[in-house]
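S.K.: with the input below, show me the fold.
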Amino acid sequence: MASECGGSGEWRERSDEFCSVDQGIYGHLTLRNLAVLAEERGDSAEAMRLWRMVLEACPGDAEAMARGEAAR
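M.R.: Just a heads-up that it's a prediction; the model follows:
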């Protein structure tokens, strides 16, 4: 899934050596996957925490807003 959020962040910065890699895998995309896994194992508190982190990294993310609300 394409994302409108960039992967900027001090610990997420990578060299141009791997410029074809989506920088989101170092931030919001990883958090999104972890949130889905937390939901699947029934850990709604952890899922909510992770969806909030997705929104911090990628404000306005429609899926994070929808799934975060559903987990409440």
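S.K.: shaky segments in this protein?
M.R.: 1-25, 70-72 (pLDDT under 70).
S.K.: one more time with 50
M.R.: For the chain, applying pLDDT under 50 flags the ranges 1-2, 8-11.
S.K.: show me where it has helices.
M.R.: 28-40, 44-57, 62-70 (DSSP state H).
S.K.: buried ones in the first one?
M.R.: To tie it back to what came earlier, the one meant is helix 28-40. H28, L29, T30, L31, R32, L34, A35, A38, E39 (16 or more other Cβ atoms under 10 Å). For every residue, glycine as well, the C-beta is placed using N, CA and C.
S.K.: now the shortest one
M.R.: Across helix 62-70, burial judged by 16+ other Cβ under 10 Å covers A64, R67, G68.
S.K.: if we can go back for a sec, what is the nearest of the buried residues of helix 28-40 to L50?
M.R.: Closest to L50 out of those is A35 (3.6 Å), distances taken as Cβ to Cβ.
S.K.: next, count neighbours for the spatially closest residue to that closest one that is not a sequence neighbour.
M.R.: In this structure, A35 finds its nearest non-sequential neighbour in L50, 3.6 Å apart by Cβ to Cβ, 6 or more residues apart in numbering. By the criterion of other Cβ atoms under 10 Å, L50 has 25 neighbours.
S.K.: picking that back up, output the buried residues of helix 28-40 as JSON lines; include the columns distance to P59.
M.R.: Output for these, formatted as JSON lines (distance: Cβ to Cβ, whole Å):
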{"residue": "H28", "distance to P59": "10"}
{"residue": "L29", "distance to P59": "15"}
{"residue": "T30", "distance to P59": "17"}
{"residue": "L31", "distance to P59": "13"}
{"residue": "R32", "distance to P59": "14"}
{"residue": "L34", "distance to P59": "19"}
{"residue": "A35", "distance to P59": "16"}
{"residue": "A38", "distance to P59": "21"}
{"residue": "E39", "distance to P59": "21"}
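S.K.: out of those residues, flag the one nearest to G60.
M.R.: For these, the nearest to G60 is H28 (11.5 Å; Cβ to Cβ).
S.K.: my read: the closest one touches C58, true?
M.R.: Yes - in terms of Cβ atoms under 8 Å, H28 counts as a neighbour of C58; the distance is 4.4 Å.
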